[in-house]
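Participant: the amino acid sequence is not available; the structure is as follows:
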């Protein structure tokens, strides 16, 4: 296949289509994923081409959706579940944490649960609470789950392929405000390992680490900093569990400064774990404390206030300046 320039949403659609074509045990299920094609039209056309036995419209019952997916996985299927919005996942949290994450260990490795749970997450679309949240840390804390988030169309396609083909349960967080950002997808490429971080922009003065929707912001911050003579390296984490600490460490040992950026609240967020681990690993290399930029420890605000809540270019650049001032 040729290289195509696609929006992230279309890249995910193409990845689901490829998985459905390749493996008859792959199923897509969720609220409105069938005839409607999903609220973001990510599954558009799949119902028509694969039918109601492979692309399944479910009741509005997230616990039942995930519980059914677990049962299907036990019978040899590879279900891909869509949770319509980030905040809707919590009725299914019990199934995910007490069953999906633990059954492999509970069975001493005899049972595998290859379930992928797709969750559009994050703000920036002018929605309200339950539609704009970033709950990834609540899942990354749970042993037995893999947590990933693509930031561009190529990763959206390939990371979803890898998640579906693997035997572990994967929570696949999709940055909904980036759904229509376009990027090149090479359908013949050899993908990077699913849980490896990637250097998006090389630099020497400071490392910015982000994932999902904040990678674009960090690349813009690095470009703005370059105009002032500052060389900022940007890492796309790609995976929040497991975390590729080796790649972060290698970058920090070079730049000696680290700022971690995510939309989720800073309090108990992924950045806290990264800051702690890198401080342990790079204590004698650091020339400044590890800084974190993220959302506030408060319920997600009304739409007209979300730009004040979400970390943007100014807050990232402020952290860069504070780190370089040490």
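Facilitator: Arrived safely, thanks for sending. These figures come from a predicted structure and were not determined experimentally.
Participant: and the strands in the stretch 51-200 of the chain?
Facilitator: 55-57, 78-82, 116-121, 146-148, 170-175, 182-186, 198-201 (DSSP state E, counting those that start in this stretch).
Participant: packing partners for the last one?
Facilitator: Meaning strand 198-201. Applying 3 or more Cβ pairs under 8 Å, 6 or more residues apart in numbering; DSSP states H and E, we find strand 198-201 packed against helix 214-226, strand 232-236, helix 245-255. Where you see a C-beta, it was placed from the backbone N, CA and C, and this is true even at glycine.
Participant: nearest to residue 158, out of those?
Facilitator: Residue 158 lies closest to strand 232-236 among the helices and strands packed on strand 198-201, at 13.2 Å (Cβ to Cβ).
Participant: can you list contacts of the worst-scoring helix or strand of the chain on mean pLDDT?
Facilitator: Every helix and strand of the chain was ranked by mean pLDDT, DSSP states H and E. The lowest is helix 306-309, at a mean of 92. Helix 306-309 is touched from outside by 123, 124, 126, 132, 295, 296, 298, 300, 301, with contacts defined as Cβ atoms under 8 Å, 6 or more residues apart in numbering.
Participant: ok, of these, which come out buried?
Facilitator: Buried by 16 or more other Cβ atoms under 10 Å: 123, 124, 132, 295, 300, 301, out of those.
Participant: and of those residues, the nearest to residue 54?
Facilitator: Out of the buried ones among the contacts of helix 306-309, the member with the shortest distance to residue 54 (by Cβ to Cβ) is residue 132, at 30.7 Å.
Participant: which ones are touching that closest one?
Facilitator: Applying Cβ under 8 Å, 6+ apart, the residues near residue 132 are 86, 87, 122, 123, 124, 125, 300, 306.
Participant: please repeat the previous calculation with a cut-off of 7 Å.
Facilitator: Residues in contact with residue 132 (Cβ atoms under 7 Å, 6 or more residues apart in numbering) are 122, 123, 125, 300, 306.
Participant: would you point out the most distant pair within those?
Facilitator: 125 and 300 (11.7 Å).
Participant: hmm, back to that, residue 5: which of the strands of the stretch 51-200 of the chain is closest?
Facilitator: Of all the strands of the stretch 51-200 of the chain, strand 182-186 sits nearest to residue 5, with 5.3 Å by Cβ to Cβ.
Participant: what number of residues lie near residue 76?
Facilitator: Using other Cβ atoms under 10 Å, residue 76 is surrounded by 9 other residues.
Participant: would you confirm that it contacts residue 25?
Facilitator: Yes. Counting by Cβ atoms under 7 Å, residue 76 touches residue 25, with 6.1 Å between them.
Participant: go through the longest strand belonging to the chain and flag the buried ones.
Facilitator: In the chain, taking DSSP state E as the definition, the longest strand is strand 258-265. Across strand 258-265, burial judged by 16+ other Cβ under 10 Å covers 258, 259, 260, 261, 262, 263, 264, 265.
Participant: just put the residues you listed in JSON lines and tack on pLDDT.
Facilitator: Below are those laid out as JSON lines (pLDDT from 0 to 100):
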{"residue": "258", "pLDDT": "98"}
{"residue": "259", "pLDDT": "98"}
{"residue": "260", "pLDDT": "98"}
{"residue": "261", "pLDDT": "98"}
{"residue": "262", "pLDDT": "98"}
{"residue": "263", "pLDDT": "96"}
{"residue": "264", "pLDDT": "97"}
{"residue": "265", "pLDDT": "96"}
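Participant: how about these, which pair is most distant?
Facilitator: 258 and 265 (19.0 Å).
Participant: thinking again about what came up before, can you put the contacts of helix 306-309 in CSV and add distance to residue 283?
Facilitator: CSV is the format used below for those (distance: Cβ to Cβ, whole Å):
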residue, distance to residue 283
123, 35
124, 36
126, 43
132, 37
295, 28
296, 29
298, 32
300, 35
301, 37
